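[1] next come a sequence and a model predicted from it.
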Amino acid sequence: MPSMESILPASTVSEINRLLNSSGTRLDGLNTLELSLNYFSLDVLNDNASQWIVQLLRIMRAGDYGFQKAAKALGNLLEISASSSELSRDLSSAIPQVINVLGNPKQKEENLPASFDCLATVLKNFRGPVFPFKNAMEDLLLSYFDLVDLIAVSSLAKCYAQLPQIGGSGIKGLSHKQAWSEQSDKVILSLKSTLKSFLGETVSEEGLNLPKMTAVDPITDMHRMAVRYRNLCMVLSRMLSDPFPAPKCIPVASILSLSNEVFCLSPLALSKRIGGNTSEGKERQKLFPDLQVVMLQLLNNLIKSCRKQLLPHGRSICSFALQVLQWSHTPLELREVGRDRPHRKLRSAAYNTLAHWVNASNTGSRIEKFAIDLSKEIFSDIVTDRDVVALQKVEISAKKKRGSLSYDTVKPIDHHIDRLANAEVCNAALTLLGRILRSLSSIITLEFYQMAQKIILPIVIELEAGIEESPIPYSDSAVCRKSIYKVLEALVVCPHSSGYPPYSYAISAFSCGQNDPDLEVSSTCFDALKSCEAIIHPVTVPVGFAMKPPVNENITSESMVESSISKLWKTVEEDITRKSTVEPSKITNVNGRASASIYVQSHSEERVTSIVDEKMEDDDQDRMDSVSNISTSPEHNNFDSDVDIADTPLMKEVVDCQVSQNELPALVPVTLSIKESQAVHLEKEAKEADNESSVASDVEDMLTDFVDIGP
């Protein structure tokens, strides 16, 4: 977005124009213009943008060495101009000239990437002026679908993905949505027809209006079909990944059906289908893994676009990748130290696809169903290749008097050792393993977790001894060392529920890994070590928050009165019904009878006071006689109308009184006579009346406080 005020002086504009007008200084002018565009104000761009476009188009028409820089500067100028409605409206008249120059079919092949990038900018930001040229642009792009250069094809796919956005969007983007669906269906049909042509089968239907291939020879035609299939997959991948102004209706079933046709063919199945003994069959078997690589990349973009919406197809996605890994497996006895194994790119693409799928779906990936077979492939690419010395028997004859003597000597086969061999596939396998351990630690089996420890820990211990002594490819590949440390961190942070995390090994490995010469590896080990220390030795108690119910701020006066009354009645009820305890005191003999002072103490602190005071001498003599004198005679204990003190409402629990050992046993049941119990009940009723009167007065006072509050 250009600023309102120009940062560069006004003399910069005149200097750029002077450099562009001279043939000897055009490159300097293009470089200066490209670097200065972001620092000009809107006023400067309004005054000079049209002139600069004319000068850039003149340079591009010449087709000389300045074409790529001029196309890049033109794309940046149009991108900046699109941010201003006034400036983009002024430049709309120059769009037909720009399309005419960029759509020149006689361009040099090295200029195509820059031309396609500039054209993609035009299609993205000037959809209205480009609409009359939509069909011409589509035909132009389709004519380049057999390009071999990957950079040019990537720019071509970027352009072709913009075609459905050209023109009016319709109601809620319906026109754009329909155009995208039609174009994607045509690309998928073209992929199916191209695959059949590659396999030598009859093509029944075609999608896009691609140019016809002139037959040269069968092998050359197969290579051209493989290139076209790759380019179509890149175009469809770009359509899936690029943003779109309307919702996309992605044909998931069609893409998965196409994937099934590609991944179900192993070299053995391919040889049975097309014949692997001929030269054409062998060439197809050689080229077919490249088709599976681009198909896996297309599957990656499908996963990124749909994510968890692909959960019903999780088993199919996992089976596709596993089929590729199984047929491309290289046994350990056939591997050589320091040499790349066959199909390493294909295996890396399969691991990346599974890692994207686990990352997108987490526990819903269904990858645990294939854990046994998948673990064999993952661990086989993680383990290091050991030196295997091939024995070559050399017969040496030595002529002596008694004949010839032959014996065998051991001679290793010399070959160049690449210390970065298979680093890509090793890193991809480690990335997938770490993602599985982090996302599926609660689902994977204990055997999988233990096997991961048995594979990872020995390699990490070797890394502790020194990078120079480390096995290939970990010795020279910092990416592999970083990935294996991340897997070790996953084993500690996300352990299996029945397994034992390797804390001691991990702390030792991460401590040594901080001295790694690569900064990213040492930073990874530092972060992992801090995580382990936080788990083993927490610095402080974790923060805990009490779960409180949400407070409703919209409380009316009526609800406040009701809640306050209910709280008050609840407090009174708890005070009345709370347990009372009887505390024993010294028992004395009065007139040959055992007497005791009983204390009834309530748990209520405010309204319920003690029924009997400790000093009975200062209280009323009548009440003391009715409560304190407890008869232990048989007639009192066996009288049917006697009431136990524990049965009274206020006395819930009675502590048995103790008497002297000479006269009474250790525990004596405490009972009251009829008159004494009646006196206790009368006193209780008086207390309850006092409590009720106090409660009524409190409620009345509270109601008067709220009487002035409106609803």
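    Sure thing, it's come through.
[2] how about Ser41, phi and psi?
    phi -80, psi 170 (degrees, to the nearest 10).
[3] burial check on Leu141, number of neighbours?
    A count of nearby residues for Leu141, using other Cβ atoms under 10 Å, gives 21. Where you see a C-beta, it was placed from the backbone N, CA and C, and this is true even at glycine.
[4] in this structure it contacts Tyr160, no?
    Yes - in this structure Leu141 lies within contact range of Tyr160 using Cβ atoms under 8 Å: 5.1 Å.
[5] which residues does the spatially closest residue to Ile484 that is not a sequence neighbour contact?
    In space, Ile484 comes closest to Leu430 once its chain neighbours are excluded; the distance is 5.6 Å by Cβ to Cβ, 6 or more residues apart in numbering. Leu430 makes contact with Ile382, Cys480, Ser483, Ile484, Lys486, Val487, according to Cβ atoms under 8 Å, 6 or more residues apart in numbering.
[6] please redo it, this time with the cut-off set to 10 Å
    By Cβ atoms under 10 Å, 6 or more residues apart in numbering, the contact list for Leu430 reads 351, 355, 378, 381-382, 456, 459, 479-487.
[7] host element of it?
    Counting by DSSP states H and E, the element that carries Leu430 is helix 423-439.
[8] ok, then the element right after that helix?
    For helix 423-439, the succeeding helix or strand toward the C-terminus, using DSSP H and E, is helix 446-464.
[9] strands of the protein, start to end?
    398-400, 403-405, 580-590, 593-602, 643-644, 671-672 (DSSP state E).
[10] in helices, which of the contacts of Leu430 fall?
    Secondary-structure check on the contacts of Leu430 using DSSP state H: residues within helices are 351, 355, 378, 381-382, 456, 459, 479-487.
[11] hang on, the earlier thing: what mean pLDDT would you report for the helix holding Leu430?
    For helix 423-439, the per-residue pLDDT values average out at 95.
[12] can you pull the buried residues of stretch 163-183?
    Neighbour counts using 16 or more other Cβ atoms under 10 Å place Leu163, Pro164, Gln165, Ile166, Gly167, Gly173, Ser175, His176, Lys177, Ala179, Trp180, Gln183 of stretch 163-183 among the buried residues.
[13] just to revisit the earlier point, quick one: which of the contacts of Leu430 is nearest to Ser14?
    Proximity of those to Ser14 (Cβ to Cβ) peaks at Val479, which lies at 50.0 Å.
[14] distance check, that closest one against Asp518.
    9 Å (Cβ to Cβ, to the nearest Å).
[15] what about these two, which has more around it?
    Ranked by neighbour count (other Cβ under 10 Å), Val479 and Asp518 place Val479 first, with 19 against 15.
[16] quick one, what contacts the more buried one?
    The neighbourhood of Val479, defined by Cβ under 10 Å, 6+ apart, consists of Leu420, Ala423, Glu424, Cys426, Asn427, Leu430, Thr431, Pro473, Asp518, Glu520, Val521.
[17] any of these buried? List them.
    In these, burial by neighbour count holds for Leu420, Ala423, Glu424, Cys426, Asn427, Leu430, Thr431, Pro473, Val521, counting by 16+ other Cβ under 10 Å.
[18] JSON lines for these, including distance to Ala49?
    Rendered in JSON lines, the data for the buried ones among the contacts of Val479 read as follows (distance: Cβ to Cβ, whole Å):
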{"residue": "Leu420", "distance to Ala49": "49"}
{"residue": "Ala423", "distance to Ala49": "48"}
{"residue": "Glu424", "distance to Ala49": "46"}
{"residue": "Cys426", "distance to Ala49": "52"}
{"residue": "Asn427", "distance to Ala49": "47"}
{"residue": "Leu430", "distance to Ala49": "51"}
{"residue": "Thr431", "distance to Ala49": "47"}
{"residue": "Pro473", "distance to Ala49": "52"}
{"residue": "Val521", "distance to Ala49": "49"}
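[19] Ser155: which of those is nearest?
    Among the buried ones among the contacts of Val479, Glu424 lies closest to Ser155 (Cβ to Cβ), at 25.0 Å.
[20] can I assume that closest one is in contact with His343?
    No - Glu424 is beyond contact range of His343, at 11.8 Å (criterion: Cβ atoms under 10 Å).
[21] who touches both of these two?
    Ala349.
[22] overlap in contacts, Leu141 and Tyr160.
    Counting by Cβ under 10 Å, 6+ apart, the residues touching both Leu141 and Tyr160 are Phe116, Leu123, Leu208, Val235.
[23] hmm, back to that, ok, the contacts of Leu430 vs Asn31, which is closest?
    Of all the contacts of Leu430, Asn31 sits closest to Val479, with 34.9 Å by Cβ to Cβ.
[24] returning to that earlier point: what is the nearest of the buried residues of stretch 163-183 to Lys248?
    Ranked by distance to Lys248 (Cβ to Cβ), those are led by Trp180 at 5.8 Å.
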